[in-house]
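In: The sequence and its predicted three-dimensional model are supplied below.
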Amino acid sequence: MLDRALADLGARRAKVRLDQATASYKVVSVLEQAGATLDVGSDPVGLMKAVKNAAEIAGARAAHRRDGAAMASFLAWLAREAPSGRLTEIDAAEHLEEFRRKTGGLKDTAFPSISGAGPNSALPHYRVTRQSNRRIEPGIYLIDSGAQYQDGTTDITRTLAVGTPDAEMRDRFTRVLRGHIAIARAVFPDGTTGAQLDSFARQFLWAAGIDFDHGTGHGVGSYLSVHEGPARISKLGTAALKRGMILSNEPGYYKTDSFGIRIENLELVVAAEVTGAEKPMNAFETLTFAPIDRRLIDVAMLTAAELEWLNAYHARVRDVVHAQLDESDRLWLDVATAPL
């Protein structure tokens, strides 16, 4: 049936747009043989999907408020249970999914959770199996997960200290956090690409002679694929960031066979109000609401502006999530989001 449809386009000498990133050899071959004119470029539908409309933006905000409560309950539970040494990576991932199901809105997970303890956290795309499943012991635990709600898609990573983190862990975590904040606070001209912003997230790691080997962020769909083109924040991100796009902000650091760090929130591209601006300017609105582990932060490494952002972010988390929790989780959240 597909061959007949493509052959019909060729017979009509139609001009057919082929997406340069995804078009298959089969489709190209049939169209060429049938006599169609090929126009290779970007898929215009992808850009239309990437720029969310008002209903999708409202849905994303609602989904993240709901997801923030599930994350807070999970993090409070983990803080209570992890010190026992009985939890495994699978236990944690399954409990997080259960907390999301309790919201009443979960349709499915956005992707299989990356639940990594100790050296497994140093694998950016780790997938836990029954064979690789580790106990969560003193050190670093990383959970990268997401949810598909009918009104929006979430994707969040939190890196957590189990026990007392050492100086190296705190240094690396704080450098990653500073890069994360730099993206979150960025103000940039309309038409800026992800490649132009990518180094914002890496500068503090580069200063210590280290880096991470993945993009800083990817586009996110609206009850669709959690990885959505064409926009991304990476060295290869050539698409302009447009208002209404949702992208992840997820710099990291990975020490092989030891520990890994990643801090991920989702960001909405919005208009920025800049006094005296001579051209349209954009900024990011952070959609994700979940505490960032204060125990891993070396406050002395933060600038006054970075500390102000962090405290303001935690205040917003507390304001949005607090009323959705039970009393014990509220008490945990008050401590987890207290000003530094």
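Out: Okay, I see it. Given the structure is predicted, the values throughout are model-derived calculations rather than measurements. Residues are numbered from 1 along each chain as shown.
In: and the closest residue in space to residue 96 that isn't next to it in sequence, what does it touch?
Out: Using CB to CB, 6 or more residues apart in numbering and skipping residues adjacent in sequence, the residue nearest residue 96 is residue 74, 4.6 Å away. No exception for glycine: its C-beta is placed from N, CA and C like everyone else's. The contact partners of residue 74, by CB atoms under 8 Å, 6 or more residues apart in numbering, come to 95-96, 99.
In: Using a markdown table, lay out these together with secondary structure and neighbour count.
Out: Output for the contacts of residue 74, formatted as a markdown table (DSSP: H, G, I helix; E, B strand; the rest coil; neighbours: other CB atoms under 10 Å):
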| residue | secondary structure | neighbour count |
| --- | --- | --- |
| 95 | helix | 16 |
| 96 | helix | 24 |
| 99 | helix | 20 |
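In: Quick check: of the residues you listed, which lies closest to residue 168?
Out: The closest of the contacts of residue 74 to residue 168 turns out to be residue 96 (CB to CB; 27.2 Å).
In: Find me whatever residue is spatially closest to residue 128, sequence neighbours aside.
Out: Nearest residue to residue 128, sequence neighbours excluded (CB to CB, 6+ apart): residue 89, at 4.4 Å.
In: Contacts only, for the one you found.
Out: Residues counted as contacts of residue 89 (CB under 8 Å, 6+ apart) are 115-117, 120, 128, 132-134, 136.
In: 10 Å instead?
Out: Listed by CB atoms under 10 Å, 6 or more residues apart in numbering, the contact set of residue 89 reads 113-118, 120-121, 126, 128-129, 132-136, 141-143.
In: Please identify which helix or strand holds the most centrally placed residue in the chain.
Out: What sits nearest the mean C-alpha location of the chain, by CA atoms, centre = their mean, is residue 248, with 3.5 Å. Assigned by DSSP states H and E, residue 248 belongs to strand 246-249.
In: Return the set of buried residues in that strand.
Out: Across strand 246-249, burial judged by 16 or more other CB atoms under 10 Å covers 246-249.
In: tell me how far that strand is from the chain's mean position?
Out: Here strand 246-249 is found 6 Å from its chain centre; the criterion is CA atoms, centre = their mean, to the nearest Å.
In: Quick check: what element follows that strand along the chain?
Out: Toward the C-terminus, strand 246-249 is succeeded by strand 252-255 as the next helix or strand (DSSP H and E).
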